[in-house]
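Colleague: coordinates for the following, if possible.
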Amino acid sequence: MSDSPLRPSSLISTVYGAFLRGDGGWISIADLITLMSELGVESQAVRSAMSRLKKKGVLEPERRGATGYRLSPAVHPVFDAGDRRIFASLEPADLADGWALAVFSVPESERSHRYQLRTRLTWLGFGNIAPGVWLAPGRLLEDARDMLVRLGLSEYVHLFAAADYAAFSDLPGAVSSWWDFPAIQAQYAAFTAAYAPVAARLAGRGGAPDPADAFRHYVPMLTEWRRLPYLDPGLPAELLPADWNAVGARQVFQQLHEVLAGPGLAHVRSVTGAA
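Modeller: I've put the predicted structure just below:
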């Protein structure tokens with residue numbers, strides 16, 4: 001799907017989030033290098049990526065008879081929020097659920113916070129209505145609140161729960177100017193083009209896939225997918241283009257997740273020796 005190879009740090013984050021978190025969140029460097037080699041990542045690239053993730057506070061070194069890393073307790077809420085977004089929020093929002101409105105004002109002397117707010121709200125799926133005014137489906141309100149508190153940005157923002165759009169424009173038309181629909185659809189189309197053939201191939205074989213093959217397919221697929229639910233705010237169906245292609249992409253993702261996640265986990269456990 002990507003024009004360039006997936007970053008080792010992104011693949012490692014997927015391995016931790018999808019497989020290791022439920023088994024204690026720790027892995028030895030040797031076992032991780034073994035797993036990442038199956039994804040075409042060399043050992044030095046693994047060590048460099050682990051060092052960067054440590055500096056970011058994502059991982060902490062811990063020796064358990066061997067040198068390894070565990071997930072930092074501070075990032076568990078981030079992964080939990082990611083699970084909700086990636087796996088639970090697969091259907092469009094209901095228009096009756098209303099909106100989350102974020103309004104912020106940042107002094108020029110602290111403009112780095114302004115950039116961070118724009119970046120984070122965009123990453124959450126908020127659309128930009130006007131300078132300092134951002135909108136998202138109401139179900140993203142709590143995620144926005146948690147993110148702002150976690151990053152120490154809450155003092156700059158007013159969050160509102162809005163019930164309805166009252167006037168003075170055609171809402172679907174306005175929404176299409178607040179979010180970049182063509183860019184989102186291009187990402188979904190690329191995902192479907194890359195992984196629908198994999199889903200069809202696995203369905204044609206029947207039975208459970210080989211665990212090692214499942215791992216090799218699942219980690220890149222989930223790494224590609226997990227950013228799409230953030231680009232797509234999950235707007236109500238009434239506000240989306242008639243040719244909205246997210247539905248087909250989600251079906252491909254769900255099919256592959258159901259088929260590959262279990263065997264992939266079995267493979268990780270076979271490498272790490274986890275019960």
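
Colleague: show me where this structure has its strands.
Modeller: In the chain, the segments counted as strands under DSSP state E are 26-28, 59-63, 67-71, 99-104, 127-130, 133-137, 157-162.

Colleague: for these, which one sits closest to Ala261?
Modeller: Closest of the strands of the chain to Ala261 is strand 26-28, at 17.6 Å (criterion: Cβ to Cβ). The C-beta positions use only the backbone N, C-alpha and C, and glycine is treated the same way.

Colleague: buried ones in that closest one, by neighbour count?
Modeller: Residues of strand 26-28 classed as buried: 26-28 (neighbour count, 16 or more other Cβ atoms under 10 Å).

Colleague: and of those, the nearest to Tyr16?
Modeller: Ile27 (7.8 Å).

Colleague: isn't that closest one right up against Gly68?
Modeller: Yes: with contacts counted by Cβ atoms under 8 Å, Ile27 reaches Gly68, the gap being 5.5 Å.

Colleague: distance between the ends of stretch 102-110?
Modeller: The first and last residues of stretch 102-110 sit 18 Å apart, counting by Cα to Cα, to the nearest Å.

Colleague: oh sorry, the question was meant for stretch 150-161
Modeller: One end of stretch 150-161 sits 20 Å from the other (Cα to Cα).

Colleague: neighbouring contacts of it?
Modeller: Outside stretch 150-161, the residues that touch it by Cβ atoms under 8 Å, 6 or more residues apart in numbering are 77-78, 98-106, 113, 116-117, 120, 138, 141, 144-145, 147-148.

Colleague: give me the most central residue, the chain.
Modeller: Central residue of the chain (Cα atoms, centre = their mean): Arg226, 3.2 Å from the mean position.

Colleague: quick check on it: phi, psi?
Modeller: Arg226 has phi and psi values of phi -70, psi -10 when expressed as degrees, to the nearest 10.

Colleague: who's in contact with it?
Modeller: 14, 82, 86.

Colleague: just the buried ones from those residues?
Modeller: By neighbour count, with 16+ other Cβ under 10 Å, these hold 14, 82, 86 as buried.

Colleague: low pLDDT regions in the stretch 151-275 of the chain?
Modeller: 275 (pLDDT under 70).

Colleague: residue boundaries of the helices in it?
Modeller: If you assign secondary structure with DSSP state H, counting those that start in this stretch, the helices in the stretch 151-275 of the chain sit at 171-178, 181-205, 211-225, 228-231, 246-272.

Colleague: of those helices, which is nearest Val41?
Modeller: Closest approach to Val41 among these is made by helix 211-225 (10.2 Å; Cβ to Cβ).

Colleague: what is the closest one packed up against?
Modeller: When contacts are defined as 3 or more Cβ pairs under 8 Å, 6 or more residues apart in numbering; DSSP states H and E, helix 211-225 sits against helix 8-15, helix 181-205, helix 246-272.

Colleague: just name the most buried of those helices.
Modeller: Neighbour counts (mean count of other Cβ atoms under 10 Å) averaged over each of those peak at helix 8-15, with a mean of 22.

Colleague: from the chain's centre, how far out does that one sit?
Modeller: Relative to the mean C-alpha coordinate of its chain, helix 8-15 is positioned 12 Å out (Cα atoms, centre = their mean, to the nearest Å).

Colleague: who's in contact with Gly24?
Modeller: Here Gly24 is in contact with 70, 274 (Cβ under 8 Å, 6+ apart).

Colleague: state the distance from it to Arg70.
Modeller: 7 Å (Cβ to Cβ, to the nearest Å).

Colleague: just checking, Tyr195 touches His257?
Modeller: No: in this structure, Tyr195 is not within contact of His257 by Cβ under 8 Å, at 10.7 Å.

Colleague: please name the nearest non-neighbouring residue to Phe19.
Modeller: Closest residue in space to Phe19, ignoring its immediate chain neighbours: Val268 at 4.4 Å, by Cβ to Cβ, 6 or more residues apart in numbering.

Colleague: pretty sure the one you found is touching Gly22, no?
Modeller: No: checked against Cβ under 8 Å, the pair Val268 and Gly22 is beyond contact range at 10.1 Å.

Colleague: Asp80 and Ala203: what is the separation?
Modeller: Relative to Ala203, Asp80 is positioned 31 Å away (Cβ to Cβ).

Colleague: re the thing from before, out of the contacts of Arg226, the closest to Ala274 would be?
Modeller: Once Cβ to Cβ is applied, the member of these that ends up nearest Ala274 is Thr14, at 17.1 Å.
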